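Enquirer: what's the 3D shape of this:
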Amino acid sequence: MSRTLLRDRAYEAIRDAIVAGEIEPGAVVRDADLAERLGLSRAPVREAFSRLVDEGLLESKPQSYTRVTPVVAADVRDAAAVVAAMHELVTRVAVPRLRESDLDAMREANARFAAAVRAGDVDGALRADDDLHHVLVRTAANRAAAATVARYTPLIRRLERRRFGEAGTCRSAGLHEQLIEACAARDTGTALRVTADIWRGLEELADTD
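Expert: A predicted model of the protein is given here:
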């Protein structure tokens, strides 16, 4: 496996463990321990650490420690504002381009989202939410927007996991339905307003933390 693939594998595994709370805020992480856990050498794990520090999920003091950052409401609000702007951008571009198969994928993802919310399945709900919005990101084909969404969404997901089931999260299935209806009607203006409402709810979730 190439060095790039090993680095990406390490990054995704550590990122997902942090977002899921398997590695808790404040926990010290060591490259040797995680390399053994992942079956990798220390080099790709150290590279993953560097990327996660840059993205705000880890903090590091040279020659001292690397640890998981706390969930800070102000950081989540900042990330949500940036991600919201990117989702509005891709929605504006994607709505006129959507095919019926794309709309079907959004409907299927929202059905999974609603079922996961009812079942209290936080992982399933967040995966389905990502899948639904990714249809628009993929269709817009804006690599800079996609990279920005991928970079900052994990910061938001940590708070969503902690607050799962509260009003802002449970309302999302209905907002998703409105978004899909607007997309199907090629109503870009309404799709943009609903997208703004979805992400405003996440900013408000941070305000109440």
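
Enquirer: make it CA atoms for all contacts and neighbour counts henceforth
Expert: Fine.

Enquirer: in this protein, which spans are strands?
Expert: Assigned by DSSP state E, the strands in the chain fall at 58-61, 65-68.

Enquirer: Please spell out which residues along the last one are buried.
Expert: Spelled out, it's strand 65-68. 66, 67, 68 (16 or more other Cα atoms under 10 Å).

Enquirer: Turn those residues into JSON lines, including distance to residue 115 and pLDDT.
Expert: Output for the buried residues of strand 65-68, formatted as JSON lines (distance: Cα to Cα, whole Å; pLDDT from 0 to 100):
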{"residue": "66", "distance to residue 115": "38", "pLDDT": "96"}
{"residue": "67", "distance to residue 115": "35", "pLDDT": "97"}
{"residue": "68", "distance to residue 115": "31", "pLDDT": "97"}
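
Enquirer: What about residue 154, how many residues nearby?
Expert: The number of residues packed near residue 154 is 21, by other Cα atoms under 10 Å.

Enquirer: Out of the strands of the chain, which is closest to residue 160?
Expert: Shortest distance between residue 160 and these, using Cα to Cα, is found for strand 65-68: 17.0 Å.

Enquirer: What is the lengthiest helix in the chain packed up against?
Expert: Looking across the chain with DSSP state H, the single longest helix is helix 73-94. Contacts defined by 3 or more Cα pairs under 8 Å, 6 or more residues apart in numbering; DSSP states H and E place helix 73-94 against helix 122-140, helix 143-162, helix 188-207.

Enquirer: Considering the ones you listed, which stretch scores lowest in mean pLDDT?
Expert: Lowest mean pLDDT within the helices and strands packed on helix 73-94: helix 188-207, a mean of 87.

Enquirer: what is the orientation angle of that helix with helix 73-94?
Expert: Put simply, helix 188-207 runs at 170 degrees to helix 73-94, going by axes from the mean of the first three to the mean of the last three Cα atoms, to 10 degrees.

Enquirer: what would the strands of the chain look like in a markdown table with distance to residue 173?
Expert: A markdown table is the format used below for the strands of the chain (distance: least, Cα to Cα, whole Å):
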| stretch | distance to residue 173 |
| --- | --- |
| strand 58-61 | 31 |
| strand 65-68 | 31 |
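
Enquirer: closest to residue 43 out of those?
Expert: Here strand 65-68 is closest among the strands of the chain (Cα to Cα), at 15.1 Å.

Enquirer: And the protein, what are its domain boundaries?
Expert: Following automatic domain parsing, one finds the domains of the chain at 3-68, 73-207.

Enquirer: circling back to that earlier point, determine the angle, from 0 to 180 degrees, between the longest helix of the chain and helix 143-162.
Expert: Using the same axes, to 10 degrees, helix 73-94 lies at 130 degrees relative to helix 143-162.
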